[in-house]
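In: A structural model of the following input is requested.
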Amino acid sequence: MSLHDIPQALDASQARELENASRHLQAGRAREAGEIAQRLVAQAGRAPDAHHLLALCQAKAGQVEAAEQAFLRALELAPGHPMILVNYAILQRQGGRLESALSLLGGITNAVPTFAKAWSELGITAMLAGQHRGAQSAFERVVELQPGSAQAWHALGNALHAAGELESAEAAFRKAICLEPGHPTASFNLGTVLRLSGRPDEAIACFERIQKHGDASPELADALIGALVDDGRLSQAVQMANQVVHTHPDFVAGRVTLANLLWEHGAAVAGEEDSFDVFRGALEHQPEHHAMRAAYIRFLLSAREPDEALDQIQQLRARADDPVLAWWQANALEMLGRTAQAGALYAQLHADWGNQVPAFLNSHARHLLTAGKWDAAADVASQATTLEPGNQEAWANLATAWRLLDDPREHWLCDYDRLVGMVEIEAPSGFGNLAAFLEALTENLDQRHKARREPIQQTLRGGSQTPGRLFGGPDPLLAAAKAALVRGVERWLATLPTDASHPFLMRKARSVRIGGSWSVKLWSSGNHVNHIHPEGWMSSAFYVALPPSMGAATACSQAGYIQFGQPPIELQLGLPPRRVIRPEPGRLALFPSYMWHGTVPFEDEQPRLTVAFDMTPFEGRA
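Out: Numbers count the residues shown, from 1 in each chain. Here you go, the predicted structure:
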C-alpha cells in the first residue's frame, strides 16, 4: 500500500467541523456543508470520512459524477466500510442503476447481517426494481432488528401490499400505527388495504378518522370517495367528488374520479352534466395545466374518442413534448385507421426510447399485427416477454403473431383444450343444492349492480360491473362462494402438468390467491369484447344466472357463449375463435390470463350475470 492509500483520522478540530457540516447537510444546507467538506479534504486528503462527507454533499447538490469519484476515493481509503457502501448504493439507485445498487446492498447485508440501514435500503431498492418478494424479505429482517420502529413496520406493510399479501400488510400497518398512534401514511395505507380487501365500510371509517385529525388533503378525500362508491353510497360519493373539484380545481385525480362517476352513472347522479366537461371546464381556465390535459387525453383514449384526443395531444406536444405523448398520438392515429402515420411514430419511438418499455412494446406489437407485419410483431412481443416474463399482454400478442405465422408454438402456449377448463362448482354447506345457492347469490349480486353503464376502462359493452373487490369482506354468502370457487380451482389445477419451460404451467401451484374480483351484469345486446387480464396469472368466469335465450342457442347461434383465442376486432385480423363454450349456471371457466377471450352478444330481456376474478399461484390456502 502506498502512502497515498494509507487512511488518516481527523483531528479533534476537524471532527468538530465534520459534525457541523453533517448538521448543515441534514438541515438542507448542502452548499455550506460542501464548503466545509472541501476544506476537510484539502486538510486531510487521506481521511475517508472527509471524502464520504464530500460525496454526500455533491450528491445532494446533483453533482453526480463528482459524488461518484468522492465515494470511490472514500472506499479506496476504507474498503468495505458499511455506511459508505450504503450511501454509494443509494447514489447508484438514484441514478437508475438498480442492479448495481442491489448487488452492493446484498453484499453489505451478507457481510454485516445486523446492519438495519442496509436491509432497509435493500428493501427500498427491491421495491423500485419490482422485486416485491425480495423487498418483503428485506423489511422482515428490518423489523426483526428494529421491532419498535413504526417506519420499519410501515415499509414492510408497503412491500406486503405490493406482493399481494393484503392480510399481512394490514397487520403490518396496524403494528406501525400501534407504535406511532396517528401515523398518517400508515393509516392511509391501512385504509387502502381494507378497501382492496373488500371491506369498504372499514376503509371509510379509517379515512374519516384521519380527516378528524385534521387532514383535509384532496388525496385523502379522493380515497374516501372510492370507498364510498364501493360501499354503494353513490350520492354521497358524487357530492364529495364535486366538492373536491370545486375546492381543489388543480387536483387532477379528483377530476378523473368525478369524470368516471359521471361516465358510469350518468343522469342518475348528475342530470345532464357531461363527463368530458369535467376536464374541458378546467382546461378553459388553465390551458397550461399539462397534467390536467394529459389526464383528459387518457380519458378520451379510454372512451374511444381519438379525434379529440389527437387534437389535445398535438396541443400538449407543442407546449411540452415527451415520448409518452408521441406514443399516445400513435395510438390515436391507429384508432383512426391512419396506420402508416402510426407506424412511423412507433418505429421512431422504438429506436429512441421504447425498446426497454414493455407497455410500449405491447402497443407497438399490436400496431405491427394490424399492419400485417407479423414477423416484426413476433420479434417485438418477444422483446416484451424477455424484459417482463410475467407480462400477460406480451404473451397474448406473441400467441397472435405465432398463429398468423402458422407457428406451432401458438398451440404450445395456449393449448385451448387443456388450458381452458370448465368446472362444476359444488354448493357450499347450508344450501340444499346448487340451484338454491345460485338463487341466493343472484339476489345478493343484483343489489350491488347500481351503475347505468360499464366502467370506462373495462371491456364489457352494454352492462354494469360491481365496484371495488367483491371478495374479502364480511358478507358470509360471498365468503362461502369464494371458498367454493377456490375448491373448484384447486381440483382443476391438480389435473394440469408442471412444465418449467411454459409461462403458465411453470407457475402452477396447489392453490391460488384471488386478486381482483367483481361481478358483471350484461344486458340485451351486451358482450365482453375480446381481451386479456394483465394483472392475473389465471382468470375466470363463474356463471350465476343466464338468460333463457342461451338455453336455446345452437351451433349456428352461439348467443352468450364464451370464446377463446380470437384477437380483438380492432386488430382487423379476421381470425375466428379457437374454442367456443356454452356457459351453464354453476360452472366456472378457467384459463390463462394471457388468453384472448370474450363473449358473443345475445338478445333477451333477462340479463347474463357472472362473477369473475383473477388469480396468482399460492401454495397455501387462499
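In: Could you list the residues in contact with stretch 25-32?
Out: Residues outside stretch 25-32 that contact it (CB atoms under 8 Å, 6 or more residues apart in numbering): A21, H24, A33, L53, L56, C57, K60, A61. Just so you know, the C-beta spots here come from the backbone N, C-alpha and C atoms, and that holds for glycine as well.
In: Please spell out which residues along it are buried.
Out: By 16 or more other CB atoms under 10 Å, the buried positions in stretch 25-32 come out as L25, A30, E32.
In: Apart from its chain neighbours, what residue comes closest to the second one?
Out: With sequence-adjacent residues excluded and distances taken as CB to CB, 6 or more residues apart in numbering, A30 is closest to K60, at 4.1 Å.
In: residues touching the one you found, list them.
Out: Neighbouring residues of K60 by CB under 8 Å, 6+ apart: L25, A30, A33.
In: quick one: the first one and Q58, what's the gap?
Out: It stands for L25. 11 Å (CB to CB, to the nearest Å).
In: Ok, the second one next?
Out: Using CB to CB, A30 is found at 9 Å from Q58.
In: Could you list which residues are in contact with the closest residue to E424 other than its chain neighbours?
Out: For E424, ignoring the flanking residues on the chain, the nearest one in space by CB to CB, 6+ apart is R587 at 5.8 Å. By CB under 8 Å, 6+ apart, the residues touching R587 are M422, V423, E424, I425, F542, Y543.
In: Repeat that for D352.
Out: Contact analysis of D352 by CB under 8 Å, 6+ apart lists P323.
In: Need the pLDDT of it.
Out: If you check D352, the pLDDT there is 91.
In: Any regions of the stretch 501-622 of the chain where pLDDT drops low?
Out: Judged by pLDDT under 70, the stretch 501-622 of the chain has its weakly predicted residues at 551-556, 620-622.
In: let's go with 50 and repeat that
Out: Scanning the stretch 501-622 of the chain for pLDDT under 50 picks out 553.
In: which element follows the worst-scoring helix or strand of the chain on mean pLDDT toward the C-terminus?
Out: Counting by mean pLDDT, DSSP states H and E, the chain has its least confident helix or strand at helix 267-270, which shows a mean of 54. The element immediately downstream of helix 267-270 (helix or strand, assigned by DSSP states H and E) is helix 277-285.
In: And that next one, how far out from the chain middle?
Out: Averaging C-alpha positions (CA atoms, centre = their mean, to the nearest Å) puts helix 277-285 28 Å from its chain's average.
In: Quick one: list the elements packing against that helix.
Out: Counting contacts by 3 or more CB pairs under 8 Å, 6 or more residues apart in numbering; DSSP states H and E, helix 277-285 is packed against helix 252-265, helix 290-302.
In: I90 is nearest to which of those helices?
Out: Shortest distance between I90 and those, using CB to CB, is found for helix 290-302: 28.3 Å.
In: Could I get the full set of helices for the stretch 51-200 of the chain?
Out: 64-77, 82-94, 98-111, 116-128, 132-145, 150-162, 166-179, 184-196, 200-212 (DSSP state H, counting those that start in this stretch).
In: can you list those in TSV and add mean pLDDT?
Out: Conversion of those to TSV gives the following (pLDDT from 0 to 100):
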stretch	mean pLDDT
helix 64-77	93
helix 82-94	95
helix 98-111	96
helix 116-128	96
helix 132-145	96
helix 150-162	96
helix 166-179	95
helix 184-196	94
helix 200-212	94
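In: With mean neighbour count as extra columns, can I get those helices in TSV?
Out: Below are the helices of the stretch 51-200 of the chain laid out as TSV (neighbours: other CB atoms under 10 Å):
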stretch	mean neighbour count
helix 64-77	18
helix 82-94	20
helix 98-111	18
helix 116-128	22
helix 132-145	20
helix 150-162	24
helix 166-179	20
helix 184-196	23
helix 200-212	19
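In: right, and these - which one's nearest T386?
Out: Short answer: helix 98-111, nearest of the helices of the stretch 51-200 of the chain by CB to CB, at 15.5 Å.
In: got a list of contacts for the closest one?
Out: Taking CB under 8 Å, 6+ apart as the rule, helix 98-111 contacts 80, 82, 85-86, 88-90, 92-93, 115, 118-119, 121-122, 125-126, 128-129, 131, 138, 141.
In: Now for E605, how many residues are close by?
Out: Using other CB atoms under 10 Å, the number of residues around E605 comes to 9.
In: should've said L588
Out: For L588, using other CB under 10 Å, the count is 23.
In: can you pull the contacts of it?
Out: The neighbours of L588, taking CB under 8 Å, 6+ apart as the test, are M422, V423, E424, I425, L485, G488, V489, S540, A541, F542, Y543.
In: Burial check on the third one, number of neighbours?
Out: The burial metric for E424, expressed as a neighbour count using other CB under 10 Å, is 11.
In: Identify the residues contacting it.
Out: Going by CB under 8 Å, 6+ apart, E424 touches G488, G586, R587, L588.
In: I'd like to know the predicted local confidence at it, please.
Out: The model reports E424 with a pLDDT of 95.
In: hmm, back to that, what would the contacts of stretch 25-32 look like in CSV with pLDDT?
Out: Shown next, in CSV, are the contacts of stretch 25-32 (pLDDT from 0 to 100):
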residue, pLDDT
A21, 86
H24, 88
A33, 88
L53, 90
L56, 92
C57, 92
K60, 90
A61, 88
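In: Among the residues you listed, which ones are in strands?
Out: Of the contacts of stretch 25-32, none are assigned to strands by DSSP state E.
In: Show me which of these are buried.
Out: Burial by neighbour count, 16+ other CB under 10 Å: within the contacts of stretch 25-32 this picks out A21, H24, A33, L53, L56, C57, K60.
In: How is this protein divided into domains?
Out: Each domain of the chain is listed here as a residue range: 1-79, 421-618, per automatic domain parsing.
In: Just put those in JSON lines and tack on distance to P287.
Out: Formatted as JSON lines, these follow (distance: least, CB to CB, whole Å):
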{"stretch": "domain 1-79", "distance to P287": "31"}
{"stretch": "domain 421-618", "distance to P287": "24"}
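In: Nearest approach to V229 belongs to which of the ones you listed?
Out: domain 421-618 (4.9 Å).
In: middle-most residue in the chain, spatially?
Out: Nearest to the geometric centre of the chain sits E535, at 7.3 Å (CA atoms, centre = their mean).
In: didn't it look like it was pressed against S517?
Out: No - assessed by CB atoms under 8 Å, E535 is found out of contact with S517, at 11.5 Å.
In: Need the overlap of contacts for these two.
Out: Among the neighbours of E535, those also in contact with S517 (CB under 8 Å, 6+ apart) are D614.
In: In contact with the closest residue to P306 other than its chain neighbours, which residues?
Out: The spatially closest residue to P306, leaving aside those adjacent along the chain, is M335, at 3.7 Å (CB to CB, 6+ apart). By CB under 8 Å, 6+ apart, the contact list for M335 reads L301, R304, P306, E570.
In: Can you tell me which of the residues you listed is closest to A241?
Out: Proximity of the contacts of M335 to A241 (CB to CB) peaks at L301, which lies at 21.8 Å.
In: Can you report how many residues lie near D231?
Out: The burial count for D231: 20, using other CB under 10 Å.
In: per-residue confidence for it?
Out: Reported pLDDT at D231 in the predicted model: 88.
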